[in-house]
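> Kindly return the folded structure for what I paste below:
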Amino acid sequence: MGNNTENSKNIIIGIGEVGTNTINRMRKMRVSKYLLLWLSLFFFNICFASCRNQKAEKVEQGDRMEVGEGKNDSLLEILRGHEYVYGGEKMSIDSTFSIMDTMAFPFDENLIVVNGNRDELGSTFSFIIDTETKKSILLPSNRGCIGFTSEEGLPICLSFRHHANGEPGRYSVVSVYDEKGNLVKEMSFEDYKKDEEL
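The predicted structure follows:
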């Protein structure tokens, strides 16, 4: 009788352990299942958002090209109608010049900043064009305009310059111009590396 009781206890304990192990496995499987489900939904959302963005970009690029081609032609016509002085030399815009991008002034709908170049490796020229008067101004920057000041709406342009003392390399200059092309503020990075070493 005592053996039967012990065997029964062992069987119950064994069943209990098996049951506990099974429950633990089921919990782990449930957690894994939820984790896999969450990861699947996460990657689905990423793929869906990526596809949607690509479609939107394609539509936007298509619209921009249709609208932009005619706009660029009229801007090129204005640019070619003027002579400019750049780096002390006279310069005109010919058929090798292409427009890279345009940005409307935030507070004057008639003014546009145009960035363009003659070849991909050359300087990026920036112009302010008044679409109403058909006048254009060449800004003295050689890396293009990147945006506008937040409060005044003035164009911010980048340039590189060579060291005047014969040191090798170039340094960056950030310049802000007014709507007439006059320099408002300029920040030079000529001494940046020297300051960094101190």
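> if you average pLDDT over stretch 89-99, what comes out?
For stretch 89-99, mean pLDDT rounds to 87.
> wouldn't E83 be in contact with M91 here?
Yes: here E83 reaches M91: they are 7.3 Å apart, a contact under C-beta atoms under 8 Å. To be clear about C-beta, it is placed using only N, CA and C from the backbone, and glycine gets the same treatment.
> The two: who's more crowded?
Set E83 next to M91 and count neighbours by other C-beta atoms under 10 Å: M91 wins out with 14 against 10.
> Can I take it that the more buried one is in a strand?
Yes: the assignment for M91, made by DSSP: H, G, I helix; E, B strand; the rest coil, places it in a strand.
> just so I have it, where are all the strands in this structure?
Secondary structure of the chain by DSSP state E: the strands cover 83-86, 89-92, 98-104, 111-117, 125-130, 135-139, 145-148, 155-162, 170-177, 183-188.
> Low-confidence stretches in this structure?
Applying pLDDT under 70 to the chain picks out residues 1-69, 193-198.
> 50 - rerun?
For the chain, the stretches flagged by pLDDT under 50 are 47-67.
> can I get the strands of the chain in JSON lines with distance to N72?
As requested, the strands of the chain are exported to JSON lines (distance: least, C-beta to C-beta, whole Å):
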{"stretch": "strand 83-86", "distance to N72": "18"}
{"stretch": "strand 89-92", "distance to N72": "18"}
{"stretch": "strand 98-104", "distance to N72": "5"}
{"stretch": "strand 111-117", "distance to N72": "9"}
{"stretch": "strand 125-130", "distance to N72": "11"}
{"stretch": "strand 135-139", "distance to N72": "14"}
{"stretch": "strand 145-148", "distance to N72": "16"}
{"stretch": "strand 155-162", "distance to N72": "19"}
{"stretch": "strand 170-177", "distance to N72": "22"}
{"stretch": "strand 183-188", "distance to N72": "27"}
